[in-house]
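A.B. asks: Please work out how this folds:
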Amino acid sequence: MDRIRDILNFLREKPDYISGDFISTELGISRTAIWKYMHQLERLGYVIAKLKGRGYKLIKTPDKLYAWEIERHLKTDIIGKEIIYKDIIDSTNSYAFKLALDGAPEGTCVLADAQKAGRGRLNRVWFSPAGENLYLSIILKPHVHPSNVYSITFISSLAVYDTVETITGIKPTLKWPNDLLINGKKICGTLLELSTEADMVKFVVVGIGLDINMKEKEISEEIDQKATSLLIETKILFERPRICGILLSNLEKYYLLFKQNGENEICRIWEDRSCIKGKYLEINQMGRIYKGTSEGIDNKGALLLNIDGEIKRIIAGDVIF
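C.D. replies: Numbering: from 1, shown residues only. As a prediction, this is how the structure comes out:
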């Protein structure tokens, strides 16, 4: 598996056929090993043309979230240096949490093509069909007090915001506390889970679900009036590894800002980007509805709601939309 990246590099560098002998010589491995790698790539979904006397030619790359495909688009020093991909998994967050408990390094990413038990906040089901979207979880280890960790939710949202704008030109709507919408429908959610030790955060697992190539007919009836995807909004099919690489790079950009300048700067960027100040909002907090005008968010990420002249600080709840 170690030379998969090298083999693919040779295939991609030459648009025409490339001989197995040449690759074999350059990599210092046997001609038989090259032949085995080509068959392995085919089993992974790559389409490779073979012509006697001329060699191999890469015809098609599968839209799979293999680590080496994402790495082509990464511009990071921490996040994504270790990428674990699974065809199907219960939950990327649960898997990453176990890895973190076992000492996995900061920046480790877990990706899955499908989830059997994907979940969002409050253990809500996250619809996770195979081969369509992005389901990933990242292990972070910020040296902060647990009360300062909430803004990492905004780091994730801002990273997805920049990614969606870069690849589609669409500016999504940031919905407090952890969602992104396009045309009033949800396209992404974030789930934050953490482990603490004394007064410090031991690790945080940031789970992100981003709907990319899901078609309208594939959305479950329970959420079809509230969910959308990049494909539905743009009529374009997207390359998931590229989106993932850009997203992880944006995540690191905001994470470094958080580490250098603290949570306040992240909250101010999110507040500005969300245009939440002055909006009339209705918040459902465990069945209790609060109605008022938003005064923005405080330095801990709590929503400040002006209700008949009094400011109520809300730390959890759902904005009704």
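
A.B. asks: which SS state does the closest residue to Leu191 other than its chain neighbours fall under?
C.D. replies: Spatially, and ignoring its direct neighbours in sequence, Leu191 is nearest to Gly207 (3.9 Å; CB to CB, 6 or more residues apart in numbering). From N, CA and C alone the C-beta is placed, and that goes for glycine too. Following DSSP: H, G, I helix; E, B strand; the rest coil, the label given to Gly207 is strand.

A.B. asks: Touching, Gly207 and Thr92? I think so.
C.D. replies: Yes - under the criterion of CB atoms under 8 Å, Gly207 makes contact with Thr92 at 6.2 Å.

A.B. asks: Name the residues contacting each of the two.
C.D. replies: When CB atoms under 8 Å, 6 or more residues apart in numbering defines a contact, the residues bordering Gly207 and Thr92 alike are 135-137.

A.B. asks: In JSON lines, list those residues along with pLDDT.
C.D. replies: What follows is these, written out as JSON lines (pLDDT from 0 to 100):
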{"residue": "Tyr135", "pLDDT": "95"}
{"residue": "Leu136", "pLDDT": "96"}
{"residue": "Ser137", "pLDDT": "97"}
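
A.B. asks: just those residues now: which is nearest Gly20?
C.D. replies: Leu136 (35.2 Å; CB to CB).

A.B. asks: pull the helix or strand with minimum mean pLDDT from this structure.
C.D. replies: When the helices and strands of the chain are scored by mean pLDDT, DSSP states H and E, strand 318-319 comes last with a mean of 86.

A.B. asks: what lines up beside that one in the sheet?
C.D. replies: strand 280-285 (antiparallel) (DSSP bridges).

A.B. asks: Could you pull out the buried residues of the strand it pairs with?
C.D. replies: Going by neighbour count (16 or more other CB atoms under 10 Å), the buried part of strand 280-285 is 281, 283.

A.B. asks: Please shift the residue numbers so they start at 883 in all later answers.
C.D. replies: New numbering, starting at 883: the last item is strand 1162-1167.

A.B. asks: Tell me the gap between it and the middle of its chain.
C.D. replies: 27 Å (CA atoms, centre = their mean, to the nearest Å).
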